[in-house]
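Trainee: Provide a 3D model corresponding to the input given below.
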Amino acid sequence: MTTPSSNTNFNAQGSFGAMLQQARKAKQVSLDDAANELFILKRHLQALENEDFADLPQVAFARGFAINYAKYLGLDPVRIASSFDAAYPNELKSRSANNTQSPLQPMGTLQRDTHNRIRFNPLLIIAVIGVIILAIFLFRMVSNASKENTEQPISSSEDISAVEQAQGAAINTDVTGVSASGSALNLGGGDVAPATLDVKLTDAAVVTITDATGSSLIAGSQNAGDYQLSGMPPFNVQIDNINNVRLMLNQQSVALNSYANGSQASFELAP
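Mentor: Numbers count the residues shown, from 1 in each chain. Have a look, this model is predicted:
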């Protein structure tokens, strides 16, 4: 967390927190109004203005919040993103990259049966290796063919869409070529398998879930019913009335009360 003295000095030079706060006050918008409009928790907006990085979620989502907030206030999102990157502490980046804790950890882990051992058929192993080699060969052929095609420019919108506002983080690609939500979420490296989410609503509620690629799986007001979702973890989850929502990740129930702030919950979820 930045000390008040260092924060004051940085704000005097035009830090992103000072720019956000000044723009909000110029528009005569309260933090409560901005939080309700963007579906971002008030304490996260306050942490952005104060540059209290320790009170923000993972760096990728925090960066997306800052860009979304800047667009809402009419500021230059590229400038805010650059200022955010320059001010974000390296030790917190390392912590985010090495954070492998799961929100389902208190529920325990599945135990492996060490008594039954699988016997592998050598012919089957050879066949699997052959299939893998063939797949790699075909993948290289397709990749080489795609390189010969003319690259098409990716269009981007300067204004944030309603879906982006609802999910609380910008997903457009900015002029620097980096996803506005900081889409390089796999900070620790390694492959991440897709995961499934089962959302059951006993009554109407606002539910917004975004996966690690920035794709919006569900956003806005939802009616009572069962919703089956799939995407790349970790997921950014925001719920306005947890009493009407039941959530399961890979068939395991998620204790929403442990993330509750009143009747709302905003958290990062990974298997």
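Trainee: and Ile40, which of the three is it?
Mentor: For Ile40, the secondary structure call by DSSP: H, G, I helix; E, B strand; the rest coil comes out as coil.
Trainee: mind checking pLDDT for it?
Mentor: Looking at Ile40, its pLDDT is 95.
Trainee: any idea which helix or strand comes after the helix or strand of the chain with the lowest mean pLDDT?
Mentor: Ranked by mean pLDDT, DSSP states H and E, the helix or strand of the chain with the weakest confidence is helix 4-12, at a mean of 39. Next along the chain after helix 4-12, taking DSSP states H and E as the criterion, comes helix 16-26.
Trainee: residues making contact with that next one?
Mentor: 7, 10-12, 31, 34, 48-51, 66, 69-70, 73-75, 79-80, 83-84, 87 (C-beta atoms under 8 Å, 6 or more residues apart in numbering). In this view, the C-beta of every residue, glycine as well, is placed from N, C-alpha and C.
Trainee: please repeat the previous calculation with a cut-off of 7 Å.
Mentor: By C-beta atoms under 7 Å, 6 or more residues apart in numbering, the residues outside helix 16-26 that reach it are 11, 34, 48-51, 66, 69-70, 73-75, 80, 83-84, 87.
Trainee: any stretches of this protein with poor pLDDT?
Mentor: 1-14, 94-118, 149-191 (pLDDT under 70).
Trainee: quick one: the strands in it, in order.
Mentor: Ranges of strands within the chain are 195-201, 205-210, 216-218, 221-222, 225-231, 235-239, 245-249, 252-253, 260-261, 264-269, based on DSSP state E.
Trainee: what's the closest non-adjacent residue to Ile209?
Mentor: With C-beta to C-beta, 6 or more residues apart in numbering as the criterion, Ile209 has its nearest non-adjacent residue at 4.6 Å, and that residue is Leu217.
Trainee: neighbours of Ile125, how many?
Mentor: 10 (other C-beta atoms under 10 Å).
Trainee: cool, and Asn121?
Mentor: 8.
Trainee: and for the one 3 residues further on?
Mentor: Taking other C-beta under 10 Å as the criterion, the count of residues near Leu124 is 9.
Trainee: so what's it up against?
Mentor: Residues near Leu124 by C-beta under 7 Å, 6+ apart: none.
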